[in-house]
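Trainee: sequence and predicted model, in that order:
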Amino acid sequence: MVSVIGLAILPALILLYYVYQQDKLQREPTRNLVKAFFYGGASVFASLLISVPFLNIGLFSQEIHSFSDAFRTAFFGAAIPEETAKLVLLFLFLKKCRDFDERMDGIVYGACVGLGFASFENIEYLFAAGTDWVTVGLGRSVTAIPAHFGFAVVMGYYFSLFYFDRYRAPGAGLKMWLYPVLLHGLYDWIAMSQEVNPELGGIIGLAILLLCFWMLKNARQHINDHLISDSVESTGIDVQ
């Protein structure tokens, strides 16, 4: 049991440590990181308040027989409920967080919430995998976990723009929800397409890896953008 939980959360903790180390100007208190991480865990259950009604009214199906089924399940069964829940929990956390005073903080706390969600979800997947938990855990460590990290960084990036620069960044309030939903939905649609056409498994797997690589690169750029903005604003020194 301990080994399963360890494998489930270790990739998320590595990425969380990475983003924490990037916060060079003023690192966030550990207690805040832990709290935000568990807010992310709570968003797993909060997402059910959206996905279950969506399922009941027929917006998606648990059985996937076509690419259309995969699309509807990817967006209405996963992306929209999960990213909405994460954004709500991130908002609730930051609403009372006095340490949210730099743009980079949005990315740090966004990553905590997103990786908290990913960890709790990963625990569920690994226990459901039975004797294949190691294979499933290793596979998700290079796909699903980095993907959730990418979604979270994008959400945190636009959340900070909305909070600190809303007049210079029109649309940030929508983008902090819309862009993670689109990325998440695309990722899940590609992944779920394997159930429709297993013969394309290799190509689909490669597409997932390339998408994850792109999201990690994109996340790094967002981190750099906020680091530069915070540094210039507070000290007049460019961190590059």
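Mentor: That came through, no problem.
Trainee: for the helix-or-strand element of the chain with minimal mean pLDDT, packing partners?
Mentor: Lowest by mean pLDDT, DSSP states H and E among the helices and strands of the chain is helix 201-235, with a mean of 85. Applying 3 or more Cβ pairs under 8 Å, 6 or more residues apart in numbering; DSSP states H and E, we find helix 201-235 packed against helix 2-22, helix 103-128, helix 144-165, helix 172-196. Yep, even glycine has a C-beta here, placed from its N, CA and C like the rest.
Trainee: please compute how far the second one lies from its chain's middle.
Mentor: Right, the one you point to is helix 103-128. Chain-centre distance of helix 103-128: 6 Å, with Cα atoms, centre = their mean, to the nearest Å.
Trainee: returning to that earlier point: list the buried residues for the least confident helix or strand of the chain?
Mentor: Using 16 or more other Cβ atoms under 10 Å as the test for burial, helix 201-235 gives 204, 207-208, 211-212, 215-216, 219, 222-223, 225-231.
Trainee: picking that back up, right, so of the helices and strands packed on helix 201-235, which gets closest to His65?
Mentor: Closest to His65 of the helices and strands packed on helix 201-235 is helix 172-196 (Cβ to Cβ; 7.1 Å).
Trainee: quick check: angle from that closest one to helix 103-128?
Mentor: Counting by axes from the mean of the first three to the mean of the last three Cα atoms, to 10 degrees, helix 172-196 lies at 20 degrees to helix 103-128.
Trainee: what mean pLDDT does helix 172-196 get?
Mentor: Helix 172-196 carries an average pLDDT of 93.
Trainee: mind giving me the packing neighbours of it?
Mentor: Counting contacts by 3+ Cβ pairs under 8 Å, 6+ apart, helix 172-196 is packed against helix 67-72, helix 80-95, helix 144-165, helix 201-235.
Trainee: angle of it against helix 144-165?
Mentor: Computed by the same axes, to 10 degrees, the angle separating helix 172-196 from helix 144-165 equals 170 degrees.
Trainee: rewinding a little: mind putting the helices and strands packed on helix 172-196 into a markdown table with distance to Glu124?
Mentor: Putting the helices and strands packed on helix 172-196 into a markdown table (distance: least, Cβ to Cβ, whole Å) gives the following:
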| stretch | distance to Glu124 |
| --- | --- |
| helix 67-72 | 21 |
| helix 80-95 | 13 |
| helix 144-165 | 12 |
| helix 201-235 | 20 |
